[in-house]
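**Student:** need a structure here:
(one chain, ligands or ions: 1)
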Amino acid sequence: MEDHFLIREHLAGPDQAAVSETLFTIGNGYVGVRGLLEEDDAHPTLDSTRVHGLFNFIEGGVSPDLAPAPHWLGLTIEFDGYRFGADTSQGRVLGAERILNVRDATLTRRVLWQTAGGSVIRLTFERFASAVDQHVLVLRLSVMALHGEPQMHISGGIDTRVSLASGFQHWEPWETGSPAPDAVWVRSRTLQSGYELAMAAALVTDLDAAPALLADGAHPQVAYSAQLAQGQTITITKLVGLSTSREGGNPLADALAALERARQAGYDALYYAHRAHWERVWEDSDVVLEGDPFLQRALRFCLYHILIAAPPHDNQVSIGAKTLSGAGYRAHVFWDTELFMVQPLTLTQPHLARNLLMYRYHRLPGARAKAKANGFEGAMFPWESADTGEEVTPQWTPPDPVTGKRIRIWTGELEQHLTSDIAYAIMQYWHWTGDDAFMRDYGAEIVLDGARFWASRVEWNAAENRYEINHVIGPDEYHEDVNNNVFTNTMARWHLDTARQVWDWLSDRHPEQAAALGRTLSIDTAALDRWQTIIDRIYIPFDDERQIHIQFDGFFDLEPVDVLEYQPRIVSLPGILGHEESAHLRVIKQADVVMLMALLGEQVADQSVQRNNWETYYPLADHGSSLSPAMHAWVAARLGRLDLAGELFEHAAEIDLRDNKGNSRDGIHGASCGGLWQALVFGFAGLHLTPDGPMLDPHLPPGWERVQFAVYYQGERHTFKIEGGDVSIERG
Ligand code: BGC
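**Tutor:** Now for the predicted structure:
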């Protein structure tokens, strides 16, 4: 039977190599390693390895980047002087496959290669980032000469000649050294932010050969030469220790110690411990969808990518929009994390969700500074966030390579709904986990200070006798600087209302904490009354006649366009019609009103208004953002539009596996991945909380034979199975 935990390489050609690199990323929540080929030292950037938190800003850049770590995957392999690789003058590939096994987070590559001299060699590469010892990376090569007895020469080390596509260099010149005859190390510090990183690598082998050090300054290596016997398998294992100053110790000493631990353990012990860890992870996180092998695989692939990016031991970092699998969006953290990626973790791996929420807690000073700089109170979280918690959204795009034109980016100033999105993720976490200590010590402060922001942000319109929020960007980023975006206004109202409830809970259960927060955040009766007045009087744009929400003031004055007429395509509509032109059209980048319905459901409107909203806004959606299809699938499933829901779900599932946005080379679309899980669990399965605990209200498309998943509710595991119209729940 086909194993639906395996992702096989199915793309070919130079254009798609970069997509495969993204898909085949391995990681352990500390480091992510793209699927670069071991022998490819002519790779344009050698940008394989990214470690959480190492942001650095280069003058002339548009905002901080995650500095790429040294490339540790490289191996130069020769047989009788013929170099293994793509160069057909050296030899030819007789067969090759790459398989990512998401069950044990391991990438395997098998190649059958014939040298130009006629020897036939089987090479098997296996790599993983240890889930048990996060400072350890492992790559093993097994070689067997099937025909011939060639002289093998192999070298590998740590390549520091890494850059981003921008060409920026983020590191001081690298220092190098060798702690042992078969090992090398490198260390440096980021130029502006001063993070130190050290990496140490040993090349160990069962070859009967002595190691030689190759001291190439930028690329220190260890080399071996030996004659292969026909039919004999030899292994060469690269063990890597990695550490940074973010962990608080001495990076070089720590990297060397990690390398030593890896040596002591050896490949097999490292692998078995790693695999046992992943078995436990899947016990909680697996989702079964029988009846559609592609969707089954896509769900696991997506969960895997979130799991390898979520930091298990660090609550000072968060997951960027492209996880740790690519340079896209500079690893900056958006609402993608809280509204898309955190939910699956909240319900299946709550300790990981907690770390991500704590990242925001630690960044409250940045959010307060942003509010203050803009003349507001409380905490206004930055649209894009990196290490410091300051706003890091670039103001301009880099110049277009052809026209030289830059586009002004307004989201850093105007896209403000993130503050409520974070509050939403906190409330979900609290309701599902019952983690009162988190709420008392951290969550409440974020929610309350965010409410203070909204209370200072709203504007009183005396003529209309209502509060408004003007000059914003909603989730639909095609329309900038709009007034009264219904998503933003409704979420702000929800946030204020929620904050009042949180305040009541805190005052009741933890009066000392309430008193302390009341003092620091100036929350008193007058403030609470004002919140209530805003809740009662904030404008939620609604068309009484048509019984629909209005996405923002003037939305229906925009010029109509038949979005469906432009299908099929992977380019967004502004990509075809122009950025400025599209701003005047009635086309939506992504779920906006629909997103609101996904999050708040009946709290936004009854079923009939929700249906009207769907009929109005779905046909206008361009899905110009990968965040869109999964949210639409979720709502369509809940509204019983199963035909469309199935199609949209498939669209979301294809985003990276079939590169259907055309930009998977930049990294995994982490939000779409988290959205896929939510569309299945909250949409199709209809998981919701009731006073009696979690319940389902399933609507499965025809052909889905069985859906099964587990979630934690207040510490207890609930396993749900939907099969043939029956639902079963197993607790404990
Ligand atoms: C989307 C945003 C998203 C960002 C990062 C943009 O294209 O419109 O909603 O946060 O990408 O994924």
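
**Student:** Average pLDDT for stretch 248-263, rounded please.
**Tutor:** For stretch 248-263, the mean per-residue pLDDT is 98.

**Student:** what does the chain put close to the ligand?
**Tutor:** By the rule C-beta under 6 Å from any ligand atom, the part of the chain lying against the ligand is Ala321, Tyr329, Phe334, Trp335, Asp336, Pro475, Glu477, Lys589, Gln590, Ser625, Leu627, Ala671. Glycine gets a C-beta too; all of them are placed from N, C-alpha and C.

**Student:** ok, the fourth one - contacts?
**Tutor:** With contacts taken as C-beta atoms under 8 Å, 6 or more residues apart in numbering, Trp335 has the following neighbours: His417, Leu418, Asp421, Ile422.

**Student:** Find the residue ranges of the chain scoring beneath the pLDDT cut-off.
**Tutor:** By pLDDT under 70, the low-scoring segments of the chain are 1-2, 10-14.

**Student:** ok, back up a step: quick check, nearest of the contacts of Trp335 to Gln714?
**Tutor:** Using C-beta to C-beta, Ile422 comes nearest to Gln714 of those, at 22.0 Å.

**Student:** The closest one: what secondary structure?
**Tutor:** helix (DSSP: H, G, I helix; E, B strand; the rest coil).

**Student:** and it, how far is that from the ligand?
**Tutor:** 13 Å (C-beta to the nearest ligand atom, to the nearest Å).

**Student:** And for that residue, the neighbour number?
**Tutor:** 27 (other C-beta atoms under 10 Å).

**Student:** Surely it and Phe453 touch.
**Tutor:** No - applying C-beta atoms under 8 Å, one finds Ile422 not in contact with Phe453, separated by 10.9 Å.

**Student:** who are the neighbours in contact with whichever residue of the stretch 1-150 of the chain sits closest to the ligand?
**Tutor:** Among all residues of the stretch 1-150 of the chain, Ser63 sits closest to the ligand, at 13.6 Å; criterion: C-beta to the nearest ligand atom. Neighbouring residues of Ser63 by C-beta under 8 Å, 6+ apart: Phe57, Arg330, His332, Glu384, Ala386, Val392, Thr393, Pro394.

**Student:** what do you get for Ala17?
**Tutor:** Per C-beta under 8 Å, 6+ apart, neighbours of Ala17: Leu37.

**Student:** again, but for the one 5 residues further on
**Tutor:** Each residue near Thr22 by C-beta under 8 Å, 6+ apart is listed here: Arg34, Gly35, Ser325, Gly326, Asp656, Ser664, Arg665, Asp666, Gly667, Ile668.

**Student:** next one: His219
**Tutor:** Contacts for His219 (C-beta under 8 Å, 6+ apart) come out as Gly74, Gly157, Ile158, Asp159, Thr160, Arg161.

**Student:** secondary structure element for it?
**Tutor:** Per DSSP states H and E, His219 falls between elements, in no helix or strand.

**Student:** ok, now how distant is it from the ligand?
**Tutor:** The spacing between His219 and the ligand, counted by C-beta to the nearest ligand atom, is 34 Å.

**Student:** circling back to that earlier point, the ligand: which of the contacts of Trp335 is nearest?
**Tutor:** Leu418 (8.9 Å).

**Student:** burial of that closest one, as a residue count?
**Tutor:** A count of nearby residues for Leu418, using other C-beta under 10 Å, gives 25.

**Student:** that older thread, closest to Asp606 out of the residues of the chain next to the ligand?
**Tutor:** For the residues of the chain next to the ligand, the closest approach to Asp606 (C-beta to C-beta) belongs to Pro475, at 22.3 Å.

**Student:** My guess is Tyr617 contacts Ile588. True?
**Tutor:** Yes - contact criterion C-beta under 8 Å: Tyr617 and Ile588 qualify, at 6.5 Å.

**Student:** The two: who's more crowded?
**Tutor:** Neighbours per residue, other C-beta under 10 Å: of Tyr617 and Ile588, the larger number sits with Ile588, 29 against 24.

**Student:** Could I get the contacting residues of the residue lying closest to Pro399 once chain neighbours are set aside?
**Tutor:** Excluding its sequence neighbours, the residue lying closest to Pro399 (C-beta to C-beta, 6 or more residues apart in numbering) is Arg406, at 5.3 Å. If you count contacts by C-beta under 8 Å, 6+ apart, Arg406 has them with Trp396, Thr397, Pro398, Pro399, Asp400.

**Student:** Top of those residues by number of neighbours, please.
**Tutor:** Highest neighbour count within the contacts of Arg406: Thr397, with 13 neighbours (other C-beta under 10 Å).

**Student:** Need the three-state assignment for the nearest residue to Asp104 once chain neighbours are set aside.
**Tutor:** Computed as C-beta to C-beta, 6+ apart, the closest residue to Asp104 that is not its neighbour in sequence is Arg275, at 4.4 Å. With three-state DSSP as the basis, Arg275 sits in helix.

**Student:** Burial check on Arg275, number of neighbours?
**Tutor:** A count of neighbours around Arg275, defined by other C-beta under 10 Å, yields 17.

**Student:** and Arg297, what helix or strand is that in?
**Tutor:** Using DSSP H and E, Arg297 falls in helix 293-307.

**Student:** Give me the helices and strands touching that helix, please.
**Tutor:** Where contact means 3 or more C-beta pairs under 8 Å, 6 or more residues apart in numbering; DSSP states H and E, helix 293-307 is packed against strand 6-8, helix 251-285, strand 287-290, helix 342-348, helix 642-657, helix 670-678.

**Student:** How far does the shortest one sit from its chain's centre?
**Tutor:** Right, the one you point to is strand 6-8. Per C-alpha atoms, centre = their mean, to the nearest Å, the displacement of strand 6-8 from the mean C-alpha position of its chain is 20 Å.

**Student:** likewise the longest one?
**Tutor:** Averaged C-alpha coordinates place helix 251-285 at 23 Å from its chain's average position (C-alpha atoms, centre = their mean).

**Student:** can you tell me how far Gln134 sits from Thr244?
**Tutor:** 11 Å (C-beta to C-beta, to the nearest Å).

**Student:** Sorry, slip of the keys, the one I care about is Gln603.
**Tutor:** Taking C-beta to C-beta, one finds Gln603 at 43 Å from Thr244.

**Student:** okay, the two: which has more neighbours?
**Tutor:** Shown here are Gln603 and Thr244; by other C-beta under 10 Å, Thr244 has more neighbours (26 against 12).

**Student:** For that one, which non-adjacent residue is closest in space?
**Tutor:** Leu197 is the one closest to Thr244 (C-beta to C-beta, 6+ apart), at 4.7 Å.
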